[in-house]
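**Q** I'd like to go over a predicted model; first the sequence, then the structure.
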Amino acid sequence: MSTSLRVIAALTIVAMAVVALTVATGTENASAPVTPAPTTTDPTAAGRTTAAVDVAALVGADGLVDLLVVAPESSMGGYDRDLFPHWLDGSGDGCDTRREVLIRDSLTDVAVGTRCSLDDGFWLSTYDGYSTPDPTELEIDHVVALAEAWRSGAAAWDPPTRRAFANDLTPGALVAVTAAMNRIKSDRDPSSWQPPARGAWCDYGSAWATTKVRWGLTADPDEVRALRNMLRGCPDVAVPDPVRIAHPIAPELDAGESPGRCDPSYPDVCIPPPPPDLDCGDIAARRVAVVGPDPHRFDGDGNGVGCEGG
């Protein structure tokens with residue numbers, strides 16, 4: 001056999017061996033499939049892929065309104081806007097709360113300059129549909145006005161809580177709107193004022209109810225009826241997490257003024273009498289002093305202190 005034929009034969013044998021080995025390996029793999037590594041479901045494991053997605057619980061519009069504590073409004077006795085310090089620079093970056101809202105809500109990227117000057121922004125006032133590139137045309141609206149908050153329970157808050165409420169950057173609590181809309185709305189609730197642009201009703205009503213639920217503020221019956229009307233047919237929203245109000249205080253009353261919605265069984269905090277019947281989870285205060293009949297039955301063990309847990 002010539003040398004060339006021997007080389008060809010050798011190469012043919014090698015090729016056949018490679019094919020046989022490949023087939024054998026494939027057969028072995030087919031009979032013993034590799035089990036993929038399990039995907040962790042630990043959401044705290046930084047840097048890992050998680051199979052479970054942490055999705056906030058959603059609730060329908062009626063469900064959101066149902067979370068509100070219904071009670072008559074209290075009086076404006078003792079109210080002063082200065083009790084709610086606002087437009088503070090909480091982050092220390094030179095931009096106060098007003099400018100932080102403008103930066104956040106601009107439809108275009110904002111150029112932030114010296115002393116937090118704002119350029120290149122563009123804003124939509126959703127209450128009336130007016131758009132502008134000029135931030136001086138806009139004011140920042142507390143969706144739940146400070147005076148409305150006072151009448152709904154904020155009279156019993158301590159100063160740090162009022163300051164936190166007045167500068168709350170949670171989306172929906174503060175919005176940039178035209179000066180005209182802000183002044184027309186004033187401190188009215190949805191029973192007497194709704195945005196003239198009906199397309200804003202879902203966002204406005206949801207923001208209003210969410211803010212009140214988050215901060216443990218009450219809603220009067222007319223307000224609740226108006227919210228149900230505004231939110232009819234609106235999409236589901238995330239269930240709001242309540243704000244922990246650590247140190248509620250009793251509201252200051254003018255001389256001779258009746259406490260009104262504050263039940264005398266709870267002298268250290270302002271808790272409305274029933275109806276509705278409240279549980280400890282419905283109020284922000286903990287370790288509430290209880291005297292007298294305790295209509296909400298906060299003091300289960302009769303030791304004069306209610307809502308001791310949590």
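**A** Alright, I've got the coordinates.

**Q** Report the central residue of the chain.
**A** By CA atoms, centre = their mean, the chain has its centre lying nearest to Pro240, at 5.0 Å.

**Q** Please determine how far that one is located from Ala180.
**A** For Pro240, the distance to Ala180 equals 29 Å [CB to CB, to the nearest Å]. The C-beta positions use only the backbone N, C-alpha and C, and glycine is treated the same way.

**Q** Contacts only, for the residue nearest to the centre of the chain.
**A** The neighbourhood of Pro240, defined by CB atoms under 8 Å, 6 or more residues apart in numbering, consists of 67, 210, 213-214.

**Q** Equivalent analysis for Ala180, please.
**A** The contact partners of Ala180, by CB under 8 Å, 6+ apart, come to Asp128.

**Q** what mean pLDDT does the host helix or strand of it have?
**A** Using DSSP states H and E, Ala180 sits in helix 179-185. Helix 179-185 carries an average pLDDT of 97.

**Q** for stretch 140-148, same thing?
**A** 98.

**Q** contacting residues around that stretch?
**A** Residues outside stretch 140-148 that contact it (CB under 8 Å, 6+ apart) are 76, 79, 81, 84, 86-87, 97-98, 101-102, 127, 149, 152, 154, 165-166, 172-177, 181-182, 185-189, 204, 207-208, 211-212, 215, 217.

**Q** what's Leu138 sitting at in phi/psi?
**A** Here is the backbone geometry of Leu138 (degrees, to the nearest 10): phi -110, psi 150.

**Q** and it, what is it in contact with?
**A** 102, 123, 125, 132, 176-179.

**Q** can we see that at 10 Å?
**A** With contacts defined as CB atoms under 10 Å, 6 or more residues apart in numbering, the neighbours of Leu138 are 98, 101-102, 105, 121, 123-125, 130, 132, 175-179, 181-182.

**Q** ChimeraX command to pick out the buried ones of those?
**A** The ChimeraX command for the buried members of the contacts of Leu138 (criterion: 16 or more other CB atoms under 10 Å) is given here:
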select :98,101,102,105,121,123,124,125,130,175,176,177,178,181,182
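
**Q** neighbours around Ala147, how many?
**A** 18 (other CB atoms under 10 Å).

**Q** remind me which residues of the stretch 201-310 of the chain are low pLDDT?
**A** Residues of the stretch 201-310 of the chain meeting the criterion pLDDT under 70: 245-261, 268, 284-286, 309-310.

**Q** for it, what spans make up the strands?
**A** Along the stretch 201-310 of the chain, counting by DSSP state E, counting those that start in this stretch, strands occupy 218-219, 237-238, 288-289, 305-306.

**Q** for the second one, packing partners?
**A** So the one you mean is strand 237-238. On a contact count with 3 or more CB pairs under 10 Å, 6 or more residues apart in numbering; DSSP states H and E, strand 237-238 meets strand 58-59, helix 61-66, helix 201-214.

**Q** Return the most buried member of the ones you listed.
**A** When you average the neighbours per residue for each of the helices and strands packed on strand 237-238 (mean count of other CB atoms under 10 Å), helix 201-214 leads with a mean of 23.

**Q** export that one as PDB, just CAs?
**A** Output of helix 201-214 as PDB, limited to C-alpha atoms (Å, rounded to 0.1, in the frame of the first residue of the first chain):
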ATOM      1  CA  TRP A 201     -60.100  62.300  38.800                       C
ATOM      2  CA  CYS A 202     -58.600  58.800  39.100                       C
ATOM      3  CA  ASP A 203     -55.200  60.000  40.100                       C
ATOM      4  CA  TYR A 204     -56.500  62.800  42.300                       C
ATOM      5  CA  GLY A 205     -59.000  60.600  44.200                       C
ATOM      6  CA  SER A 206     -56.500  57.800  44.600                       C
ATOM      7  CA  ALA A 207     -53.800  60.200  45.800                       C
ATOM      8  CA  TRP A 208     -56.300  61.800  48.300                       C
ATOM      9  CA  ALA A 209     -57.400  58.500  49.800                       C
ATOM     10  CA  THR A 210     -53.900  57.000  49.800                       C
ATOM     11  CA  THR A 211     -52.500  60.000  51.700                       C
ATOM     12  CA  LYS A 212     -55.300  59.800  54.300                       C
ATOM     13  CA  VAL A 213     -54.800  56.100  54.800                       C
ATOM     14  CA  ARG A 214     -51.000  56.400  55.000                       C
END
